[in-house]
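**Student:** Here's my sequence, what's the structure:
(one chain, ligands or ions: 1)
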Amino acid sequence: MKKKKISILGSTGSIGTQAIEVISKMPDVFEVVSLCAGDNIEKIREQIRYIRPKNVCVKSQANAQILKQEYNDLNILYGDSGLEEICTDKENEMILVSVSGKVGLKPTLRAIESGIDIALANKETLVMAGDIVMRRAGEKNVKILPVDSEHSAIHQCIKNAEDVQRLIITASGGPFRNKTIDDIKKATVEETLHHPKWNMGKKITIDSATLMNKGLEVIEAHHLFNMDYENIKVVVHPQSIVHSAVEYYDGSVIAQLGFPSMHIPIQYALSYPKRLKGIKTDSFDFVKAARLDFEEPDLEKFPCLKLAYEAGKAGGTYTVCLNAANEEAVFAFLNGQISLWRIYEITKEMLENHKNISSPDIETIIEQDKITREKVRKLINL
Ligand code: MN
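**Tutor:** The predicted structure follows:
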């Protein structure tokens, strides 16, 4: 069988690492063309030994030099130009975009322009530029396969897209589901990073605690599945077993279930439309799962979710502003500069003062992103 050629952007992150676990279980099915990562050189070395890619791209020239001396049979690249080379390399049949934050946008667009299918784990790309990304992918006949577990679930539940009337996105509720607003206002970085169900990167873990992650996922779902915001419902489901669901016009609901694991959505995106044995997870056990609870999200405690709906409905550059303000505020929280609650307050303030631009092009999106981040940093450093 011909191997499917894949490259991974963000290979040393949480999703990238798990993708390599999936791929290395199936060396006859997948071949890794390129690995792209930041500067975690130890982990890159380990991954090179493990899967022997053709090209490796790191962030800094200094680390590229080190790797060049160690692996003279590999093509070692660095920086934006290296990333560009990898994203436009037509040897790729698919690129897994598993970087975190706004840095995912440009490489995703470059890969789409080159006609390469995308497995998308970076939700910020669609939050910032969903209209453009989905339109260009359509024009180029490029598939955008969601890796985010909720969107993978929805993708797996949709047979006839025209018959779908509603999407139901589940949320674990994060570490503060049963806490009071006062507890949330006093939350430390450590408490916030302690997610009850999923082990993920830092940025997304903070977003999960504020439910901004769910808000970004609503916007992501709006673009991926072309669904009005009114018809996207968030429901809190603490067991994280129902990964999301689709409601059809006849009232029938189809949900996707399983014990929490990112291996399944990663593998499904890489192997779609086939399902492979790959990483063998235990068979699902309804008795072991025992009960599935559902509740309304508490928008008083988690107002970021409301902000995301408002920004999404307003459209234009509002979602760019939402994403940039939130991301900068999350970094400031992780740096100990602001409280968890300030993430909401800052994002709200930025949205209230935002002058919307409808149907922005990529340059406008990048500019608005930059302007918002500068404003947030100024506000924090006052
Ligand atoms: Mn998710």
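**Student:** For the residue in the chain positioned nearest to the ion, grab phi and psi.
**Tutor:** Nearest residue of the chain to the ion, counting by Cβ to the ion: residue 148, 4.3 Å away. In short, each C-beta sits where N, CA and C put it, glycine included. In terms of degrees, to the nearest 10, the main-chain angles of residue 148 are phi -50, psi 130.
**Student:** Does it touch residue 220 like I think?
**Tutor:** Yes. At 6.6 Å, residue 148 and residue 220 qualify as touching, with contact defined as Cβ atoms under 8 Å.
**Student:** residue contacts, the most centrally placed residue in the chain?
**Tutor:** The chain has residue 122 as the residue nearest its centroid, 3.1 Å off, counting by Cα atoms, centre = their mean. By Cβ atoms under 8 Å, 6 or more residues apart in numbering, residue 122 lies in contact with 10, 97, 98, 99, 100, 101, 104, 108.
**Student:** What is the burial count for the fifth one?
**Tutor:** In other words, residue 100. 20 (other Cβ atoms under 10 Å).
**Student:** separation between it and residue 281?
**Tutor:** Note on residue 100: its distance to residue 281, by Cβ to Cβ, to the nearest Å, is 25 Å.
**Student:** which residue ranges form the helices in the stretch 101-250 of the chain?
**Tutor:** Assigned by DSSP state H, counting those that start in this stretch, the helices in the stretch 101-250 of the chain fall at 105-113, 123-140, 149-157, 181-185, 189-192, 202-210, 212-224.
**Student:** got the angle between the first one and helix 123-140?
**Tutor:** When you say that, I think you mean helix 105-113. Orientation check (axes from the mean of the first three to the mean of the last three Cα atoms, to 10 degrees): helix 105-113 against helix 123-140 gives 20 degrees.
**Student:** name the helices or strands packed onto helix 105-113?
**Tutor:** Contacts defined by 3 or more Cβ pairs under 8 Å, 6 or more residues apart in numbering; DSSP states H and E place helix 105-113 against helix 79-87, strand 94-97, strand 117-120, helix 123-140, helix 362-380.
**Student:** what's the offset of the second one from the middle of its chain?
**Tutor:** Read it as strand 94-97. Centre-to-centre, strand 94-97 and its host chain are 12 Å apart (Cα atoms, centre = their mean, to the nearest Å).
**Student:** average model confidence for stretch 41-58?
**Tutor:** For stretch 41-58, mean pLDDT is 95.
**Student:** Can you pull out the residues in contact with it?
**Tutor:** Stretch 41-58 has contacts (Cβ under 8 Å, 6+ apart) with 7, 11-12, 17, 20, 23-24, 32-39, 63-64, 66-67, 70-71, 74-79, 82-83, 85-86, 89.
**Student:** mind listing which of those residues are in strands?
**Tutor:** Those of those mapping onto strands are 7, 32, 33, 34, 35, 36, 75, 76, 77, 78, per DSSP state E.
**Student:** Of those, keep whichever come out buried.
**Tutor:** Among the ones in strands among the contacts of stretch 41-58, those scoring as buried are 7, 32, 33, 34, 35, 36, 76, 77, 78 (criterion: 16 or more other Cβ atoms under 10 Å).
**Student:** isn't the second one right next to residue 26, touching?
**Tutor:** Put plainly, it is residue 32. No. Between residue 32 and residue 26 there is no contact under Cβ under 8 Å: 11.3 Å.
**Student:** Look at residue 103 and report its pLDDT.
**Tutor:** Reported pLDDT for residue 103: 89.
**Student:** repeat for residue 201
**Tutor:** Here the pLDDT value assigned to residue 201 is 86.
**Student:** Phi and psi next, for the closest residue to it other than its chain neighbours.
**Tutor:** Take residue 201 and drop its neighbours on the chain: the residue closest to it by Cβ to Cβ, 6 or more residues apart in numbering is residue 14, 4.8 Å away. When read as degrees, to the nearest 10, the backbone of residue 14 gives phi -60, psi -50.
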